[in-house]
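Engineer: Below are the sequence and a predicted model for it; my questions follow.
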Amino acid sequence: MSFIEVKNINKTFKVPLKGEGKFGNFKSFIKRKYKYIEAIKDISFSVEKGEIVGYIGPNGAGKSTTIKMLTGILHPTSGEILVAGLNPSKDRIKLSYQIGSVFGQKEQLWVHLSPMENFKFFGSIYDMKKVDLEKRIDELATIFEIKDFINQPVKSLSLGQRMKCEMVASLLHNPKMLFFDEPTIGLDPIAKETLRKLIKKINKELGTTIFFTSHDVGDIEEVCKRVIIINDGKIVLDDSMKNLKYHHLNKKIVEVNLKHNVDIAEKDGIKIIKSKDTLHKIEVDMNKTTMDELMGMFKADDLQDITISSEPLEEIIKDIYRGNDE
């Protein structure tokens, strides 16, 4: 049996409407009207033990609602969910011993305490024996390289150091699965890369199953081997990272600033998005051409500045949702 089994789940929210007129608030209290919002629409998927799965989509697509149902915070309106063989809605306490979570925008550590003091507190919550907790802290502190600052107040740590400690706190009780929600948000490039490597390391060395959400294309490309894309409450793609990269992450946005005006002609794989004087914004399809071919369209000594970035994930998802495989 898969570690996560999701079968035909739906989630509908009943939202009260605001009253109208001079006595709108009183009327709405006496005779409240509602509207129904379908946040999740008949989705099904499974996650095998030890997998790293990216669960992505634009804001409002249903990612957070899904995670809340998988962890037992919300109950599905209909359908069936099993995580580690447990029903999250009925066995939330038991499930909490099997899973952990790391949220980039929500801290779980007490900032006035040191990481060590936090770890001891969380260990007591999970009823860990003192000797087992101390051994686990030492093991994780070595893996995550936090021993140099483990006794400093959390509020004095850098964001990258704090995220390492957040991960250790989530792994103390040896969960079989970790949920990551935008874990690299706000981190500098070096800290992002460090965190990505650590996520892959705990998956490889500890066998932890990873369920990962992020708006950062770099996170998805480097960490996930499989991607599920959700939009408007429905799964629109469930495929390997390899196939997704080939079909949808092949486009790069190149912005160049030249010393002189140069006409850059469009050709197969090279599309001019915007040109003004010496500034050019170009879309390059890496399946149809190469960056060298683009660079060959102007002299190297005429180049003042160049920026290469991936197509925004939101745009990629929109293209997938529209069935645009160009």
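Structural biologist: Alright, I've got the coordinates.
Engineer: Do you have the strands of this structure handy? List them.
Structural biologist: 4-16, 34-47, 52-56, 78-83, 99-103, 177-181, 209-213, 226-231, 234-240, 251-258, 270-276, 279-285, 303-310 (DSSP state E).
Engineer: Would you report the backbone torsion angles of A265?
Structural biologist: phi -80, psi 140 (degrees, to the nearest 10).
Engineer: Quick check: the closest residue to it other than its chain neighbours vs D285, distance?
Structural biologist: Excluding the flanking residues, the one nearest A265 by C-beta to C-beta, 6 or more residues apart in numbering is M297, at 7.3 Å. Any C-beta I mention is one placed from the backbone N, CA and C, and that applies to glycine too. Distance, M297 to D285, by C-beta to C-beta, to the nearest Å: 15 Å.
Engineer: Likewise for K274?
Structural biologist: According to C-beta to C-beta, K274 and D285 sit 17 Å apart.
Engineer: So between these two, which is more surrounded?
Structural biologist: The neighbour comparison of K274 against D285 (other C-beta atoms under 10 Å) goes to D285, with 15 against 9.
Engineer: Just put the strands of the chain in TSV and tack on distance to I316 and mean pLDDT.
Structural biologist: Below are the strands of the chain laid out as TSV (distance: least, C-beta to C-beta, whole Å; pLDDT from 0 to 100):
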stretch	distance to I316	mean pLDDT
strand 4-16	23	94
strand 34-47	20	94
strand 52-56	9	93
strand 78-83	28	96
strand 99-103	24	86
strand 177-181	20	90
strand 209-213	15	92
strand 226-231	9	92
strand 234-240	10	92
strand 251-258	8	88
strand 270-276	15	90
strand 279-285	12	89
strand 303-310	8	84
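Engineer: now those in CSV, with distance to M128?
Structural biologist: What follows is these, written out as CSV (distance: least, C-beta to C-beta, whole Å):
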stretch, distance to M128
strand 4-16, 25
strand 34-47, 26
strand 52-56, 26
strand 78-83, 22
strand 99-103, 13
strand 177-181, 18
strand 209-213, 21
strand 226-231, 32
strand 234-240, 37
strand 251-258, 48
strand 270-276, 55
strand 279-285, 52
strand 303-310, 42
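Engineer: residues near T209, how many?
Structural biologist: T209 has 24 nearby residues by other C-beta under 10 Å.
Engineer: Report the contact partners of it.
Structural biologist: By C-beta atoms under 8 Å, 6 or more residues apart in numbering, the contact list for T209 reads 3-4, 47-52, 176-178, 203.
Engineer: cool, and I273?
Structural biologist: Residues in contact with I273 (C-beta under 8 Å, 6+ apart) are 253, 281-283.
Engineer: V53 now?
Structural biologist: Here V53 is in contact with 47, 210-212, 224-228 (C-beta under 8 Å, 6+ apart).
Engineer: do T307 as well
Structural biologist: T307 sits in contact with 254-256, where contact means C-beta under 8 Å, 6+ apart.
Engineer: If you rank the residues you listed by neighbours, which is first?
Structural biologist: Counting neighbours by other C-beta under 10 Å, V256 leads the contacts of T307 with 23 neighbours.
Engineer: what's the distance between that residue and D277?
Structural biologist: 12 Å.
Engineer: Output the below-cut-off pLDDT ranges for this protein.
Structural biologist: Low-confidence segments of the chain (pLDDT under 70): 19-31, 105, 312-314, 317, 321-326.
Engineer: longest helix of it?
Structural biologist: The residue-count maximum for a helix in the chain (DSSP state H) belongs to helix 189-206.
Engineer: Buried residues of that helix, list them for me.
Structural biologist: Across helix 189-206, burial judged by 16 or more other C-beta atoms under 10 Å covers 191-192, 194-196, 198-200, 202-203, 206.
Engineer: just to revisit the earlier point, name the member of the contacts of V53 that has the highest neighbour count.
Structural biologist: F211 (26 neighbours).
Engineer: Any idea what the residue nearest to that residue when sequence neighbours are not counted is bridged to?
Structural biologist: Excluding the flanking residues, the one nearest F211 by C-beta to C-beta, 6+ apart is F179, at 5.0 Å. Taking DSSP bridges, one finds S101, F211 as the beta-bridge partners of F179.
Engineer: OK, contacts around F179?
Structural biologist: Contacts of F179 by C-beta under 8 Å, 6+ apart are 67, 70-71, 99-102, 211.
Engineer: now do I40
Structural biologist: Shown in contact with I40 (C-beta under 8 Å, 6+ apart): 9-11, 62, 65-66, 69, 76, 233.
Engineer: Now flag whichever of the residues you listed is closest to T290.
Structural biologist: G62 (37.6 Å; C-beta to C-beta).
Engineer: Who is the residue lying closest to K271 once chain neighbours are set aside paired with across the strands?
Structural biologist: Nearest residue to K271, sequence neighbours excluded (C-beta to C-beta, 6+ apart): E283, at 4.3 Å. Beta-bridge partners recorded for E283 (DSSP bridges): I253, K271.
Engineer: what's around E283, how many residues?
Structural biologist: E283 is flanked by 15 other residues according to other C-beta under 10 Å.
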